[in-house]
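*Asks:* Attaching a predicted model along with its sequence, questions to come.
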Amino acid sequence: MKQLPKKSLPAFTMLELVFVIVVLGILAALALQRIDRDIRQEAADNILSAIRYTQHLALIDNRIDPNDQYWQKTLWKIEFTSGSNSYYTVSSDKNKDGIVQKTETAIDPSNNKYLYHLNLNPVQNDESPNVALGIKYGIDTITGSGGCANTKEIAFGINGRVFNGINTATNDYSTYMSNECNLTFEFSGGQNSLIITILPETGYAYIDGQEDS
């Protein structure tokens, strides 16, 4: 019985395989750089969303009370704590004692957990992991300049305008922020620092260099 001639199958040469490996290595290196940029952008989006959510809560919850000398203490605020376990809380000090209680903090709409954390404790099951800026993104230093040079606590009024220094406020509007606030976030992992600006009159917040963010 006559055998049919074998067909030669296409295959990669050794040179082609080496070339493919080199190309894959280049793509992997580019992808790692992209991951670094995404960490910074993800942190920026998280923080920006939290600031805007705090302002949203203030817009729908009128805390002005002319009969209460210390009504400004109850304004909705976002407060940043810097360090190896940097985090933020979103709260309204309803009992005006100057201490943020978990029951006074807002609920994260993305996971139905408290926007609350304590620096010396791990994130608890009922606390949103989004607040843990140090654990999640490697943010270890947070500084304020301009209108928030002496505080990392930003509060909002019923019209969305920004307040600071509300813990010592009395029944007036002297704690309105008069200059734009610049919050700088430094990363331990080598990413470029992140700056978020909050305008004083409107409370509009944006990522530095991304004014339309």
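*Replies:* On my side now, so go ahead. Numbers count the residues shown, from 1 in each chain.
*Asks:* When you work out contacts or count neighbours from here on, use the C-alpha atoms and nothing else.
*Replies:* Noted.
*Asks:* Could you say which helix or strand holds the spatially most central residue of the chain?
*Replies:* Centroid-nearest residue in the chain, with Cα atoms, centre = their mean: residue 47, separated by 1.7 Å. Taking DSSP states H and E as the definition, residue 47 sits inside helix 14-59.
*Asks:* these two touch, right, residue 90 and residue 103?
*Replies:* No. Judged on Cα atoms under 8 Å, residue 90 makes no contact with residue 103 at a distance of 11.0 Å.
*Asks:* that older thread, which helices and strands does whichever helix or strand comes after the helix holding residue 47 pack with?
*Replies:* Remark: after helix 14-59, the chain's next helix or strand is strand 76-81, criterion DSSP H and E. The helices and strands touching strand 76-81, judged by 3 or more Cα pairs under 8 Å, 6 or more residues apart in numbering; DSSP states H and E, are helix 14-59, strand 87-92, strand 153-156.
*Asks:* Just give the number of residues close to the residue nearest to residue 83 when sequence neighbours are not counted.
*Replies:* In space, and not counting its chain neighbours, residue 83 is closest to residue 140: 4.8 Å by Cα to Cα, 6 or more residues apart in numbering. Around residue 140 there are 20 other residues, counting by other Cα atoms under 10 Å.
*Asks:* and what of the one 3 residues further on?
*Replies:* For residue 143, the count of nearby residues is 18 (other Cα under 10 Å).
*Asks:* List the beta-bridge partners for it.
*Replies:* Residue 143 forms beta bridges with residue 184, as assigned by DSSP bridges.
*Asks:* can you pull the contacts of it?
*Replies:* Counting by Cα atoms under 8 Å, 6 or more residues apart in numbering, residue 143 makes contact with 82, 149, 152, 183, 184, 185.
*Asks:* Only whichever of those are buried, select them in PyMOL.
*Replies:* Of the contacts of residue 143, the buried ones go into a single PyMOL selection, burial set by 16 or more other Cα atoms under 10 Å:
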select buried, resi 82+152+183+184+185
